[in-house]
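Colleague: Structure of the sequence below:
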Amino acid sequence: MKTDKAGMNDMKNQNNRTKEKNIWKKGTVIGLLCVLFVQMLAGCQLPGSEAEPVEKGMLKVGMHLEIPSMCYLSEDTNKPEGFDVELAGKLAEKMGLELEIVDTSEENLLKSLDADLYDCVISSVGLSDWNEAHYSHTSPYADISSVKEKTGQDTEYTELAVFTKKGNPMTKKLEENLQELKKDGTLKELSQKYFEKDITVAAQTKE
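Modeller: Numbering: from 1, shown residues only. Got it, this is the predicted structure:
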């Protein structure tokens, strides 16, 4: 039985070229998928990464501007004043951002975090079980148990914290800056200014 060696060689060469094309196509597809995956990762905010503010260059803070000594509108200037207002300004300054206060009702104060209307809430909000379960927050910065009459607040949750949307990485940065304001005495000075006493909660120490 005779065989056509030239024909068989041609067939082998053709098969090799087909395999090479298939390998090249598979490699191209895999490469494109890798590029898309990297782009997707770049567009996602990974846990622990620094959060961008809701509005570039601004720290938007939700407040209920009807709390005496804490956050209220000045009768003289009609501008926000109070312990929480100045605290928010100091935090924004440390983050290199301008402060914008968003006045809202007490009912919508925390809820609006979920709608990204502002970055955080600094408005005499206590660390209740419900608040802690549904929102991220810093460690307490003040305890109003001794100044309830002055603030007009009758609540059992007297330790106040800065609240953010659940899982917002900005909470970590706010916490770091808050601890610095405690350690350098800034927070104590604000407390003396509005309450003539120190209602701040001591800075946390690393063990």
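
Colleague: hey, where'd the strands end up in this structure?
Modeller: Per DSSP state E, the chain carries strands over the ranges 58-63, 66-67, 71-73, 80-81, 98-103, 120-121, 136-137, 142-143, 159-160, 163-164.

Colleague: out of those strands, which comes closest to residue 89?
Modeller: Distance to residue 89, taken as Cβ to Cβ, is lowest for strand 98-103 among the strands of the chain, at 5.1 Å. For the C-beta atoms, the positions are set from N, CA and C on the backbone; glycine is no exception.

Colleague: quick one on the thing from earlier: would you reformat the strands of the chain as a markdown table and include distance to residue 92, mean pLDDT and mean neighbour count?
Modeller: Formatted as a markdown table, the strands of the chain follow (distance: least, Cβ to Cβ, whole Å; pLDDT from 0 to 100; neighbours: other Cβ atoms under 10 Å):
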| stretch | distance to residue 92 | mean pLDDT | mean neighbour count |
| --- | --- | --- | --- |
| strand 58-63 | 4 | 98 | 22 |
| strand 66-67 | 19 | 97 | 16 |
| strand 71-73 | 14 | 98 | 20 |
| strand 80-81 | 13 | 98 | 20 |
| strand 98-103 | 4 | 98 | 17 |
| strand 120-121 | 10 | 98 | 26 |
| strand 136-137 | 18 | 98 | 21 |
| strand 142-143 | 18 | 97 | 19 |
| strand 159-160 | 18 | 97 | 22 |
| strand 163-164 | 14 | 98 | 26 |
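
Colleague: just so I know, which of the ones you listed lies nearest residue 177?
Modeller: Of all those, strand 58-63 comes closest under Cβ to Cβ, at 10.5 Å.

Colleague: What are the contacting residues of stretch 133-141?
Modeller: 87, 110, 113, 127, 131, 159-168, 171, 174-175, 178-179, 182, 187, 200-201, 204 (Cβ atoms under 8 Å, 6 or more residues apart in numbering).

Colleague: could I get that stretch in PDB with only the CA atoms?
Modeller: The C-alpha trace of stretch 133-141 is given here as PDB (Å, rounded to 0.1, in the frame of the first residue of the first chain):
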ATOM      1  CA  ALA A 133     -25.900  47.500  64.600                       C
ATOM      2  CA  HIS A 134     -27.000  49.500  61.600                       C
ATOM      3  CA  TYR A 135     -24.200  52.100  61.100                       C
ATOM      4  CA  SER A 136     -20.400  52.300  61.400                       C
ATOM      5  CA  HIS A 137     -19.100  54.700  64.000                       C
ATOM      6  CA  THR A 138     -16.100  56.100  65.900                       C
ATOM      7  CA  SER A 139     -15.400  55.500  69.500                       C
ATOM      8  CA  PRO A 140     -17.300  57.900  71.800                       C
ATOM      9  CA  TYR A 141     -16.100  61.500  71.900                       C
END
